[in-house]
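Asker: Output the structure for:
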Amino acid sequence: MQWSEDVAAARWIVERLHPFAQDVGSLVPEAFAAYARIRHPEAGTLDRPQLDALLEVLPRHAPEPGSCWFAIWDGYAWLHGPPAMTALTRDGSADPPAWITPPLARIQMPSRSFALYRGGLDAARALWDVSWEQSPNLWWPDDRSWCVATEIDLTSTYLGGSAALVRDLLDDRRINAQPARPGDPIGAGA
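Answerer: All right, here's what the predicted structure looks like:
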């Protein structure tokens with residue numbers, strides 16, 4: 001995992017999103033053949049079993065899934081450390097590891113900003129592995145063959161990709177997925 005000072009890699013997403021909190025297209029850019037909704041129990045993050053299952057499915061649908069981009073909402077207190085938050089980490093320290101603190105560069109989206117990091121597909125687990133139990137809020141491979149988005153206030157994650165990818169998600173019993181469209185509503189009643 002490596003924090004990025006250059007957020008230009010996310011420009012293609014920002015330019016294609018619908019207005020904030022309007023519909024699926026306000027989370028995942030309208031650029032894909034198919035979309036899916038993945039329901040999970042906690043708002044703002046995939047649960048670990050679904051994240052692991054998703055990480056098994058995604059590599060089959062990207063020619064080079066080894067290099068990916070991950071965005072994390074910058075409003076999480078643990079990104080900023082004390083005095084915003086003090087918590088014991090798994091290693092017993094009171095402060096988050098130094099690598100948790102991102103650079104100042106941010107992806108600016110309506111009503112949200114995100115720090116950006118880069119790594120292999122397994123870097124999607126990076127924030128779980130240091131006890132923060134958080135999946136990325138937005139992630140995609142270099143080739144942009146798919147995009148995954150988890151809005152901080154929702155108990156659903158949305159994905160855009162190929163029809164074959166969405167079919168694989170719908171067929172995987174470990175993932176609570178259903179078909180979606182960019183114009184589908186999001187929120188409590190959706």
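Asker: pLDDT weak spots in the chain?
Answerer: The model of the chain has pLDDT under 70 over residues 65-66, 80-101, 131, 188-190.
Asker: Give the pairing partners of the longest strand seen in it; include direction for each.
Answerer: Longest strand of the chain, by residue count under DSSP state E: strand 112-119. Strand pairing for strand 112-119, determined by DSSP bridges: strand 2-3 (antiparallel), strand 68-73 (antiparallel), strand 107-109 (antiparallel).
Asker: quick one, which of these is nearest to Val14?
Answerer: strand 107-109 (5.8 Å; Cβ to Cβ). Yep, even glycine has a C-beta here, placed from its N, CA and C like the rest.
Asker: buried ones in that closest one?
Answerer: 107, 109 (16 or more other Cβ atoms under 10 Å).
Asker: List the contacts of it.
Answerer: Residues from elsewhere that reach strand 107-109 (Cβ atoms under 8 Å, 6 or more residues apart in numbering): 7, 10, 13-14, 17, 20, 71, 113-116, 138.
Asker: same thing but at 10 Å, please
Answerer: For strand 107-109, contacts defined as Cβ atoms under 10 Å, 6 or more residues apart in numbering pick out 4, 7-11, 13-14, 17, 20, 26-27, 69, 71-74, 113-116, 137-138.
Asker: Only whichever of the residues you listed are buried, select them in ChimeraX.
Answerer: Selection of buried members from the contacts of strand 107-109 for ChimeraX, criterion 16+ other Cβ under 10 Å:
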select :4,7,9,10,13,17,26,27,69,71,72,73,74,114,115,116,137,138
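Asker: Can you classify Trp139 by secondary structure?
Answerer: Three-state assignment for Trp139 (DSSP: H, G, I helix; E, B strand; the rest coil): strand.
Asker: ok, how many other residues are close to the nearest residue to Pro136 once chain neighbours are set aside?
Answerer: In space, and not counting its chain neighbours, Pro136 is closest to Phe70: 4.0 Å by Cβ to Cβ, 6 or more residues apart in numbering. Using other Cβ atoms under 10 Å, the number of residues around Phe70 comes to 25.
Asker: repeat for Asp47
Answerer: Neighbour tally, Asp47, other Cβ under 10 Å: 16.
Asker: tell me the contacts of the nearest residue to it once chain neighbours are set aside?
Answerer: Residue nearest to Asp47 in three dimensions, not counting chain neighbours: His40, with 5.0 Å by Cβ to Cβ, 6+ apart. Residues in contact with His40, defined by Cβ under 10 Å, 6+ apart, are 46-51, 135, 150, 154-157, 175-176.
Asker: can you put these in CSV and add distance to Arg106 and secondary structure?
Answerer: Shown next, in CSV, are the contacts of His40 (distance: Cβ to Cβ, whole Å; DSSP: H, G, I helix; E, B strand; the rest coil):
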residue, distance to Arg106, secondary structure
Leu46, 22, coil
Asp47, 27, coil
Arg48, 27, helix
Pro49, 31, helix
Gln50, 27, helix
Leu51, 24, helix
Ser135, 19, coil
Thr150, 18, strand
Leu154, 21, coil
Thr155, 25, coil
Ser156, 24, strand
Thr157, 21, strand
Ile175, 30, coil
Asn176, 31, coil
